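> Take a look and give me a structure for this.
(chains A and B)
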Amino acid sequence: MPESRLRIPKTYKLFIGGAFPRSESGRSYVVTSLDGAFRANAALASRKDVRDAVAAARAAVPTWAGATAYNRGQILYRIAELLEGRRAQFVEEVAASEPGDAPSTVDAAIDRWVWYAGWADKIAQVTGAANPVAGPFFNLSSPEPAGVVGIVAPPDSSLLGLVSVLAPVIVTGNTAVVLAAPDRPLPAVTLTEVLATSDLPAGVVNLLTGRTPELAPWLAGHLDVNGLDLTGVTDPELATALERDAAENLKRILRPAGPTDWTAEPGIERMVAYLEIKTVWHPKGV
Amino acid sequence: MPFEYAPAPESPSIVDIQSSYGLFVNGEFTDPIDGERFKTINPASEDVLAEVVAAGPADVDAAVAAARRAYENVWRDLTGRDRAKYLYRLARLIQERARELAVLESIDNGKPIRESRDVDLPLVAAHFFYYAGWADKLRYAGFGETPLGVAAQVIPWNFPLLMLAWKIAPALAAGNTVVLKPAETTPLTALLFAQLCQQAELPPGVVNIVTGAGETGRLLVEHPGVDKVAFTGSTEVGRAIARSVAGTRKRLTLELGGKAANIVFDDAPIDQAVEGIVNGIFFNQGHVCCAGSRLLVQESVAEEVLDSLKRRMARLRVGDPLDKNTDIGAINSAAQLSRIRSLSEIGSQEGAQRWSPPCELPERGFWFAPTIFTGVSQAHRIAREEIFGPVLSVLTFRTPAEAVEKANNTPYGLSAGVWTEKGSRILAIADRLRAGVVWANTFNRFDPTSPFGGYKESGYGREGGRHGLEGYLA
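This is a model prediction of the structure:
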């Protein structure tokens, strides 16, 4: 191959309903690498893009929540396999996006995805219960996905942080609308290319790039969104305003008290936050 | 020829109602600092029962401060085994004085003595008994062993003592102290419970009871000194509370309204289903957040079910809550009666057909005859809004898919019922219903071991069972 071959740059787009549209607003914004060099024009998503993404996420709920836990686990594991295959690309993009040891960060992200994939068919046994009621009744409590979850991804950890907030939401059967880290969105967009080729049904994950203060309020106030993860909102006043907006339809909210160490093994809290417990009663008799 | 019953009233003399009550703060009944007094009445007679306090800001401050002191100085550091012993004491005291509490509940609330005696009180004692046993076993529950601190708890008037138990028992078991506000129309059993706390020699300040209306509740949940807010009541108030705690580190659990579908398939055992429909909507005058207020009946059996339901409704006895034969007692308040009347009139205006059995209602007090609406569409307000009274909206469906779609067509998601003899259908429908509790071939069953709580706008968090501890541990 001649050394002078011109590189073909990639257009970084949104990911909505399994497709890769540009923002309907036609806007984009410049993403630079750590040293300030131009990397790409990312799509600058709008309110309409948020609404399209929520509609796609809602449409995907019956299929994804209705899939067997085994099937969800298989698909998530498949995603990890594809992440592994693109490891070099992620290392390059993460290295350009954030300080730190990019190879080990990417390895941790892939391992995190595998960790969560394994939870698909175990979380119900850990969080469900057979209840010994005082009467002749079968009484079983089981977790179910809450529905559509809006996620503001961590701004500082473009891949490991993103994986750490996204995988726990979808492994249990929720669908997601993700706002990627605004200043370093490229690893997130590349992740969506993995998702698009991994048997994950269209609409289970929808990802927008753009400005958090512009997009997050539409997500927080949307009445067809059931849960909201505010982990990536760094401005406390904005986070409080979003919590208030989310109260309108009593969204399940996750707002960590302090910074999260993304390298530490997570507990089950991020899965539990978007699970509902359903209790079914039936009389026993012959 | 109607079947006549002789009146069989339970004697009110078992309970001694004082003419006036203070607040229960730091283990003592205290006069208000800045609260004003108001009267609580018997909804079956409109007679004044007692004067109670609408706690003011300084009263709420004092109660929260007492709870904080008790938390930091006593309760937090008590062994789980000793917390358990106090809760077992309370459970036993409730059992010992169950009849007295049941009679008082029926007098203050209007619910039939048969329900307060046979449902509410046994469940109240069982709830304390259940969580008593958790107090020294928290490490096995999986939510950590660290309490949150002071819990602000606001409860409704439909199951006054039972909701108190659902709130106080898990909070104390987990090591929190509480300030509880009972509903303004039903404060008396909570105040009698305060006396039980004294008999149990519960350390002062571990349980504090502040009476009052919505304003007292607002002062309590917005108080900067509380770490946890637990509320049972309307979705409207729940929303306001969720807004008010935004940006604080207070933990919040909400158990809110509902508009449950009770689905009857054509292969259901009709007689049992009719009993379930009646229990679903007329239990406790329909003052039940999980009431089966939307009957979805398969078209092919709609006529048969409705005929049978009407025959059954004609046998329901409405009247004196203290009469052991009474099925439907008094509506809890004039305000609630007016809401039920207003929504029922709207039901007629919107084109649904209203039916009630012939029913003589007492002249004094607040009463509403059991009522059904047929020809209800999903857009009707009586199919969408929580009426919280003995009013059933009847809709029909043809296929299981249509039943599920209609059942889920509500912003609420607290409970649902399904009636069919086909086991695989029960399991498939139960999977698809977006509700926190699904009763199959039964309805309105409760148990301390069984988690209860809503999806969607019916709130979040669970009460009962191991899950009920989660909202009280860090």
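> mind showing which ranges of the chain have poor pLDDT?
Using chain A here. Applying pLDDT under 70 to chain A flags residues A:1-2.
> meant chain B actually
B:1-3.
> neighbours around the residue of the stretch 1-150 of chain B found nearest chain A, how many?
Proximity of the stretch 1-150 of chain B to chain A (C-beta to the nearest C-beta) peaks at B:Ala126, 6.7 Å away. Yep, even glycine has a C-beta here, placed from its N, CA and C like the rest. Counted with other C-beta atoms under 10 Å in any protein chain shown, residues neighbouring B:Ala126 total 20.
> One more: B:Gly351?
11.
> give the contact list for the residue nearest to it when sequence neighbours are not counted.
Once flanking residues are discounted, B:Gly351 sits nearest to B:Gly375: 6.9 Å by C-beta to C-beta, 6 or more residues apart in numbering or on different chains. Counting by C-beta atoms under 8 Å, 6 or more residues apart in numbering or on different chains, B:Gly375 makes contact with B:Gly351, B:Ala352, B:Gln353, B:Val394.
> how about 7 Å then?
Taking C-beta atoms under 7 Å, 6 or more residues apart in numbering or on different chains, we find B:Gly375 in contact with B:Gly351, B:Ala352, B:Gln353.
> Can you redo those as TSV, where the extra columns are secondary structure?
Shown next, in TSV, are these (DSSP: H, G, I helix; E, B strand; the rest coil):
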residue	secondary structure
B:Gly351	coil
B:Ala352	coil
B:Gln353	strand
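> how much space is there between the spatially most central residue of chain B and B:Val237?
In chain B, the centroid-proximal residue (C-alpha atoms, centre = their mean) is B:Phe159; its distance is 4.0 Å. As judged by C-beta to C-beta, to the nearest Å, B:Phe159 and B:Val237 stand 17 Å apart.
> can you check A:Asp35 too?
54 Å.
> Kindly report the same for A:Thr240.
20 Å.
> Who has more neighbours out of those two?
The neighbour comparison of A:Thr240 against B:Val237 (other C-beta under 10 Å) goes to B:Val237, with 20 against 16.
> so how far is the helix or strand harbouring that one off the chain centroid?
Per DSSP states H and E: B:Val237 is located in helix B:235-245. Centroid displacement of helix B:235-245 relative to its chain, using C-alpha atoms, centre = their mean, to the nearest Å, is 18 Å.
> name the helices or strands packed onto it?
In terms of contacts (3 or more C-beta pairs under 7 Å, 6 or more residues apart in numbering or on different chains; DSSP states H and E), helix B:235-245 is packed against strand B:228-232, strand B:251-255.
> and chain A, which of those strands is closest to it?
strand B:251-255 (6.8 Å).
> can you map out the helices along the stretch 151-286 of chain A?
Ranges of helices in the stretch 151-286 of chain A, per DSSP state H, counting those that start in this stretch, are A:160-171, A:186-195, A:212-221, A:236-246, A:269-272.
> returning to that earlier point: and the contacts of B:Gly375, which is closest to B:Gln285?
B:Gln285 has its nearest neighbour among these in B:Ala352, at 20.5 Å by C-beta to C-beta.
> Now for the nearest residue to the closest one once chain neighbours are set aside, which secondary structure element holds it?
Spatially, and ignoring its direct neighbours in sequence, B:Ala352 is nearest to B:Phe373 (4.1 Å; C-beta to C-beta, 6+ apart). Using DSSP H and E, B:Phe373 sits within strand B:371-374.
> What is the following helix or strand past that strand packed up against?
Downstream of strand B:371-374, the first helix or strand assigned by DSSP H and E is helix B:381-384. Packed against helix B:381-384, as judged by 3+ C-beta pairs under 7 Å, 6+ apart, are the following elements: helix B:334-349, strand B:391-397.
> list the buried ones in helix B:381-384?
Judged by neighbour count (16 or more other C-beta atoms under 10 Å in any protein chain shown), helix B:381-384 contains these buried residues: B:Arg381, B:Ile382, B:Ala383.
> need the residues of chain B near chain A, please.
B:126, B:238-239, B:242-243, B:246-247, B:249, B:254, B:411, B:426, B:430, B:436-442, B:445, B:447, B:449-452, B:455, B:457, B:459-460, B:462, B:465-467 (C-beta under 7 Å from any C-beta of the partner chain).
> go again using 6 Å as the cut-off
Contact residues (C-beta under 6 Å from any C-beta of the partner chain) of chain B with chain A: B:239, B:242-243, B:246-247, B:430, B:436-442, B:445, B:447, B:449-451, B:455, B:457, B:460, B:462, B:465, B:467.
> Need the buried ones from those selected in PyMOL.
Filtering those down to the buried ones (16+ other C-beta under 10 Å) takes a single PyMOL command:
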select buried, chain B and resi 239+242+246+247+430+436+437+438+439+440+441+442+445+447+449+450+451+455+457+460+462+465+467
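> re the thing from before, what's the most buried one of the helices and strands packed on helix B:235-245?
Neighbour counts (mean count of other C-beta atoms under 10 Å in any protein chain shown) averaged over each of the helices and strands packed on helix B:235-245 peak at strand B:228-232, with a mean of 26.
> Report the separation between A:Gly73 and A:Leu250.
For A:Gly73, the distance to A:Leu250 - C-beta to C-beta - is 30 Å.
> can you give me the strands in chain A?
A:28-32, A:38-43, A:129-130, A:137-145, A:148-152, A:175-179, A:205-208, A:227-229, A:252-254, A:275-283 (DSSP state E).
> Please read the previous query as pertaining to the stretch 201-350 of chain B.
Secondary structure of the stretch 201-350 of chain B (DSSP state E, counting those that start in this stretch): strands located at B:207-209, B:228-232, B:251-255, B:261-264, B:294-298.
> Save those as JSON lines, and put in distance to A:Val94 too.
Formatted as JSON lines, the strands of the stretch 201-350 of chain B follow (distance: least, C-beta to C-beta, whole Å):
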{"stretch": "strand B:207-209", "distance to A:Val94": "53"}
{"stretch": "strand B:228-232", "distance to A:Val94": "40"}
{"stretch": "strand B:251-255", "distance to A:Val94": "35"}
{"stretch": "strand B:261-264", "distance to A:Val94": "49"}
{"stretch": "strand B:294-298", "distance to A:Val94": "52"}
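> out of those, which comes closest to A:Pro187?
Here strand B:251-255 is closest among the strands of the stretch 201-350 of chain B (C-beta to C-beta), at 33.9 Å.
> Outside of the closest one itself, list whatever touches it.
Strand B:251-255 is contacted from outside by B:148, B:228-232, B:238, B:245, B:453, B:459-461, B:471, using C-beta atoms under 6 Å, 6 or more residues apart in numbering or on different chains.
> what does the stretch 151-286 of chain A put close to chain B?
A:240, A:243-244, A:247, A:249-250, A:252, A:276-283.
> who are the neighbours in contact with the closest residue to chain B within the stretch 1-150 of chain A?
Closest contact between the stretch 1-150 of chain A and chain B, by C-beta to the nearest C-beta, is at A:Val133 (3.8 Å). A:Val133 sits next to A:Asn139, B:Asp447, B:Thr449, B:Ser450 when contact means C-beta under 6 Å, 6+ apart.
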